[in-house]
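>>> here is a sequence together with a model predicted from it:
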Amino acid sequence: MEDKKLLKYTEYLFTGLFLSGIFIFFAFFYNNHLHFEEETQLFLLTGDVFIAKMGLPGGFLGWLGQFLTQFYFVSLAGPFIITILLFLIQRITYRILSTINDNRSFFIVSFLVPLNAMLIICDEFYPLSAVIGVLISLTAGWIYTNLQENNRRFIAGLVLIPLTYCLAGGSFLSLLAVIIVFEILSAARARKNRVLGKTNDTPVFRILKIWQLLIFIIISAGIPLLARQFLVQEPIGLAYFSEFYYDLRIEIPKAIPIMFALPAILMIIVYFLPSKEKIYKAAIFIQVALYIPAVIFGLKLWANFRAEEIMKYDYLVRMNQWSDVIQYAEKKPPRNNLSLAMLNLSLAKTGTMGDRMFNFRQNGAGGLFPSFAKEYVAPMMGGEIYYQLGLVNASQEYSFESMETTPDLGKSVRSVKRLAETNLINGNYEVARKYLKLLERTVFYRNWAHKTEKFLYNEDLINSDPEYGEKRKMIIKKDFFFKTEIMEGALNMLLQQNPKNKMAFQYLMGFYLINKDLRNFMDRVPMMNDLGYASIPVGYQEAIMYVVGLTTDNPMVGLPYKISNDTKLRMQAYANIYTTRDNAQELLSKEFSGTYWYYLHYCKVDIKNEK
């Protein structure tokens, strides 16, 4: 009796640790992936959308997955939803496995299915609907395996297989595997009991007739073909696996059939495990010893923490939390151009690009303006930079391209919101109204859309708005060909259009410094006076001091600015090491790696010279 209580409490403890670990992981270590999933879908809460989804195999699964994904907008809602779904998967898996082997000592085996589901959705291409699909098929399998009488199971199979296909698409194959394995293992256990002389031979241990199992297989093979013929034209693979388990529809990754087969595989495994609970201590120890490495290996295989960092930068920028971006970069410096571009944007928005730009490792012009790529992430993040600079049409183009290249071929709520704003700024009010009407049918963007509608056809209100009015002033009036490779020209035109565009000035000066173009940099220094600079930013001072050291003329003559004594002393200390020590780079990296001088001498980047 004491052993049973201890086993029960051990089960409770392990379950609590598992669920707590899932919630903590997605809430504090992987939360930005969830925000990314939410912003790259557009879920419209309308009857038409529901009816359209229900016309697809697994359409209910797709609808429910997107419905729940929209709540990722709230930071802790996503982890909570995922934790609940995985808990339900574990409990139902445990019930199914108990029909094969009721030894509670092996309860940890049932946690492999939710662990696999959790790992899969660490990849942003696997939507939440994949987890829900597993839950639906397991629920159908649980109903089937708990029916005692053979004829009832047969009727249930005839109903559950097509119903699961209609509701959850491809996971009906998982149900089919559970049914077949259950029948075979039940028959094997019945034979074993008869050999041992046991008398508890009940109908549950009698296998269905072979022709009944063949009917299940024929139904499973035929229904997707019928759906492909009469409901939706799609590749044969998608007809069986459906489109709601993986966003890239051109392929079916191996993880999907493995996920479908896992419950049946575990049924076979527990069948061969001992049925006596007396060994529970050893059983639990061995399971835990195997489970922990499985978790570690799975996270290394599936979790992309580099992508999580990029998504963190992107989320903070999306929320206009510019100071938080800089603070995050101080703890986790950017490791690629996308993150670096978001940091540089935040420096410009806080007016500190000239002071702090070279405190962070720069990587050429790509760290200011990421190259355009025919996928949805780079245009989405790049478009944010152009919007803030006042290149509204470029931002509109990038937002549209990002939306049209979304992997699941759907729309992106973030892109729709930005397209509403750019068309509003450009005065294309009917187009803006179209996008706002879409957002009014969402849960979390409805209020924003209603508030923004008041700007339609209201020129005075737009012009007086601190965001939209300011962007209108920045817009370049004349036509020009836009490419990231010729950003110098675009930035100069922004400043010609609006000489008070301080962001454009910071980006132009940053562009020259990154490209080591000190001639053009010095030509633009006098513009600081018109932009209201009280003093020269530190990074600019360092560049100016370098130029001073190369010429007999004083380039600062006639300007109301002075180089600080601190910069002069640091320049002298840097020059002493640079000119006298053989291991100058190693020594300078310790104290001067955050200076423009160090970048100028030691950072090798592709220089962009516009023609």
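Yep, it's here.

>>> the helices in the stretch 151-300 of the chain, which residues?
Along the stretch 151-300 of the chain, the segments classed as helices by DSSP state H, counting those that start in this stretch run 172-195, 210-230, 236-241, 255-271, 280-302.

>>> find the nearest non-adjacent residue to Asn492, please.
Leu508 (6.8 Å; C-beta to C-beta, 6 or more residues apart in numbering). Any C-beta I mention is one placed from the backbone N, CA and C, and that applies to glycine too.

>>> so the one you found is in contact with Pro499, correct?
No. Using C-beta atoms under 8 Å, Leu508 is not in contact with Pro499, being 11.9 Å away.

>>> between these two, which has more neighbouring residues?
Each of Leu508 and Pro499 has its neighbours counted (other C-beta atoms under 10 Å); Leu508 has more, 23 against 13.

>>> ok, now which ones touch that one?
Residues in contact with Leu508 (C-beta atoms under 8 Å, 6 or more residues apart in numbering) are 488, 491-492, 495, 524.

>>> check which helix or strand the residue nearest to Asn492 maps to.
In the assignment (DSSP states H and E), Leu508 maps to helix 502-514.

>>> next SSE after that helix?
helix 518-524.

>>> what residues sit buried inside that next one?
518, 521-522, 524 (16 or more other C-beta atoms under 10 Å).

>>> which of these sits closest to Glu330?
Nearest to Glu330 among those, counting by C-beta to C-beta, is Phe521 at 26.1 Å.

>>> and the pLDDT at that closest one?
For Phe521, the pLDDT comes out at 95.

>>> chain neighbours aside, what residue packs nearest to it?
Excluding its sequence neighbours, the residue lying closest to Phe521 (C-beta to C-beta, 6+ apart) is Tyr512, at 4.0 Å.

>>> tally of neighbours for the one you found?
Neighbours of Tyr512 (other C-beta under 10 Å): 20.

>>> cool, and Gly237?
15.

>>> just Phe505 next, same as before
Count around Phe505 with other C-beta under 10 Å applied: 23.

>>> ok, now the one 4 residues further on?
Taking other C-beta under 10 Å as the neighbour definition, Met509 ends up with a count of 24.

>>> kindly report the same for Lys192.
By other C-beta under 10 Å, neighbour count at Lys192 equals 12.

>>> roughly how far apart are it and Ser186?
From Lys192 across to Ser186, the span is 11 Å (C-beta to C-beta, to the nearest Å).

>>> how is the chain divided into domains?
2-303, 307-474 (automatic domain parsing).

>>> could you give the mean pLDDT of the first one?
Throughout domain 2-303, pLDDT has a mean value of 92.

>>> so what's the gap between it and the chain middle?
The chain centre lies 23 Å from the centre of domain 2-303; the measure is C-alpha atoms, centre = their mean, to the nearest Å.

>>> swap in the last one?
For domain 307-474, the gap between its own C-alpha mean and the chain's C-alpha mean amounts to 16 Å (C-alpha atoms, centre = their mean).

>>> got a list of what Leu389 touches?
Neighbours of Leu389 in contact, by C-beta under 8 Å, 6+ apart: 474, 491, 494, 501, 503-504, 507.

>>> just Leu587 next, same as before
Contacts for Leu587 (C-beta under 8 Å, 6+ apart) come out as 577, 581.

>>> next: Lys281.
Here Lys281 is in contact with no residue (C-beta under 8 Å, 6+ apart).

>>> I'd like the distance between it and Ala294.
Relative to Ala294, and taking C-beta to C-beta, Lys281 is found at 20 Å.

>>> and Val159, by the same measure?
Val159 is 35 Å from Ala294, by C-beta to C-beta.

>>> swap in Leu273?
17 Å.

>>> now do Thr164
From Thr164 to Ala294 the distance is 28 Å (C-beta to C-beta).

>>> of the two, which one has the most company?
Taking neighbours as other C-beta under 10 Å, Thr164 and Ala294 compare with Thr164 leading, 26 against 14.

>>> the helix or strand containing Thr69 packs against which elements?
According to DSSP H and E, Thr69 maps onto helix 59-69. Other helices and strands packing on helix 59-69, by 3 or more C-beta pairs under 8 Å, 6 or more residues apart in numbering; DSSP states H and E, are helix 47-54, helix 128-145, helix 150-168.

>>> quick one: the helices in the stretch 1-150 of the chain?
Using DSSP H, counting those that start in this stretch, helices in the stretch 1-150 of the chain cover 2-24, 31-39, 47-54, 59-69, 77-98, 112-120, 128-145, 150-168.

>>> out of the buried residues of helix 518-524, who's nearest Asn447?
Nearest member of the buried residues of helix 518-524 to Asn447, counting by C-beta to C-beta, is Arg524, at 42.8 Å.

>>> surely the closest one touches Met509?
Yes. The pair Arg524 and Met509 passes the contact test of C-beta under 8 Å, sitting 6.2 Å apart.

>>> what pLDDT, on average, does stretch 480-497 get?
On average, the pLDDT along stretch 480-497 is 87.

>>> stretch 411-420 too?
For stretch 411-420, mean pLDDT rounds to 96.

>>> next: stretch 433-447.
The model assigns stretch 433-447 a mean pLDDT of 97.

>>> buried set for it?
433, 435-436, 438-442, 445.

>>> mind checking the end-to-end distance for it?
With C-alpha to C-alpha, to the nearest Å as the measure, the ends of stretch 433-447 fall 14 Å from one another.

>>> of all the helices and strands packed on helix 59-69, which one is nearest Tyr72?
Using C-beta to C-beta, the nearest of the helices and strands packed on helix 59-69 to Tyr72 is helix 128-145, at 8.5 Å.

>>> helices or strands next to that closest one in the packing?
When contacts are defined as 3+ C-beta pairs under 8 Å, 6+ apart, helix 128-145 sits against helix 59-69, helix 77-98, helix 112-120, helix 150-168, helix 172-195, helix 255-271.

>>> same thing but 6 Å
helix 59-69, helix 77-98, helix 150-168, helix 172-195 (3 or more C-beta pairs under 6 Å, 6 or more residues apart in numbering; DSSP states H and E).

>>> now do it against helix 112-120, angle only.
170 degrees (axes from the mean of the first three to the mean of the last three C-alpha atoms, to 10 degrees).

>>> how about helix 128-145 as PDB, C-alpha atoms only?
Only the C-alpha atoms of helix 128-145 are listed here, as PDB (Å, rounded to 0.1, in the frame of the first residue of the first chain):
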ATOM      1  CA  LEU A 128       0.100  24.600 -33.200                       C
ATOM      2  CA  SER A 129      -2.400  22.700 -35.300                       C
ATOM      3  CA  ALA A 130       0.100  19.800 -35.500                       C
ATOM      4  CA  VAL A 131      -0.200  19.400 -31.700                       C
ATOM      5  CA  ILE A 132      -4.000  19.700 -31.800                       C
ATOM      6  CA  GLY A 133      -4.100  17.000 -34.500                       C
ATOM      7  CA  VAL A 134      -2.200  14.600 -32.400                       C
ATOM      8  CA  LEU A 135      -4.600  15.300 -29.500                       C
ATOM      9  CA  ILE A 136      -7.700  14.700 -31.700                       C
ATOM     10  CA  SER A 137      -6.300  11.400 -33.000                       C
ATOM     11  CA  LEU A 138      -5.300  10.200 -29.500                       C
ATOM     12  CA  THR A 139      -8.800  11.100 -28.200                       C
ATOM     13  CA  ALA A 140     -10.300   8.900 -31.000                       C
ATOM     14  CA  GLY A 141      -7.900   6.100 -30.200                       C
ATOM     15  CA  TRP A 142      -8.800   6.400 -26.500                       C
ATOM     16  CA  ILE A 143     -12.500   6.000 -27.300                       C
ATOM     17  CA  TYR A 144     -11.800   3.000 -29.500                       C
ATOM     18  CA  THR A 145      -9.500   1.200 -27.000                       C
END
